[in-house]
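*Asks:* coordinates for the following, if possible.
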Amino acid sequence: MPDHCHILLRGNTDESDVLQAVKSFKQKSGYRLSKNYPDIHWQKDFFDHILRSEKELSKHVYYILDNPIRKGITANWKAYQFKGSTMHNLNEL
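*Replies:* Predicted coordinates:
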């Protein structure tokens, strides 16, 4: 999306710190943005949501994939180039 991003994260161990991962992502990408695109900035906060079931996960995956359709960017989420997953084969959806 041109004005925001959606990220689904899952820790691999009990010691995983998803909140710290998001903070680190924002810090490192924010630094890169400031050097290459000085007019683009992350907002201060972010919205997080804990998904407690596979059903909830599926619902949120489809919400994210349909976002560019709702914004009028594409007619089909499969045609949207800025999507991807390291956990799920999106071609199977």
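*Asks:* quick one: average confidence on stretch 46-65?
*Replies:* Here stretch 46-65 scores 91 as its mean pLDDT.
*Asks:* sorry, that was for stretch 73-85
*Replies:* Mean per-residue pLDDT for stretch 73-85: 93.
*Asks:* now do stretch 7-17
*Replies:* Mean pLDDT, computed over stretch 7-17, is 93.
*Asks:* with only the CA atoms kept, save the longest helix along the chain in PDB.
*Replies:* Longest helix of the chain, by residue count under DSSP state H: helix 18-36. The C-alpha trace of helix 18-36 is given here as PDB (Å, rounded to 0.1, in the frame of the first residue of the first chain):
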ATOM      1  CA  VAL A  18       7.600  -9.800  18.200                       C
ATOM      2  CA  LEU A  19       7.200  -6.300  19.700                       C
ATOM      3  CA  GLN A  20      11.000  -5.700  19.600                       C
ATOM      4  CA  ALA A  21      11.100  -7.100  16.000                       C
ATOM      5  CA  VAL A  22       8.500  -4.400  14.900                       C
ATOM      6  CA  LYS A  23      10.400  -1.700  16.700                       C
ATOM      7  CA  SER A  24      13.700  -2.800  15.100                       C
ATOM      8  CA  PHE A  25      12.000  -2.900  11.700                       C
ATOM      9  CA  LYS A  26      10.600   0.600  12.100                       C
ATOM     10  CA  GLN A  27      14.000   1.900  13.300                       C
ATOM     11  CA  LYS A  28      16.000   0.400  10.500                       C
ATOM     12  CA  SER A  29      13.600   1.000   7.700                       C
ATOM     13  CA  GLY A  30      12.900   4.500   9.000                       C
ATOM     14  CA  TYR A  31      16.600   5.300   8.900                       C
ATOM     15  CA  ARG A  32      16.800   4.000   5.300                       C
ATOM     16  CA  LEU A  33      13.700   6.000   4.300                       C
ATOM     17  CA  SER A  34      15.200   9.200   5.900                       C
ATOM     18  CA  LYS A  35      18.400   8.800   3.800                       C
ATOM     19  CA  ASN A  36      16.600   7.900   0.500                       C
END
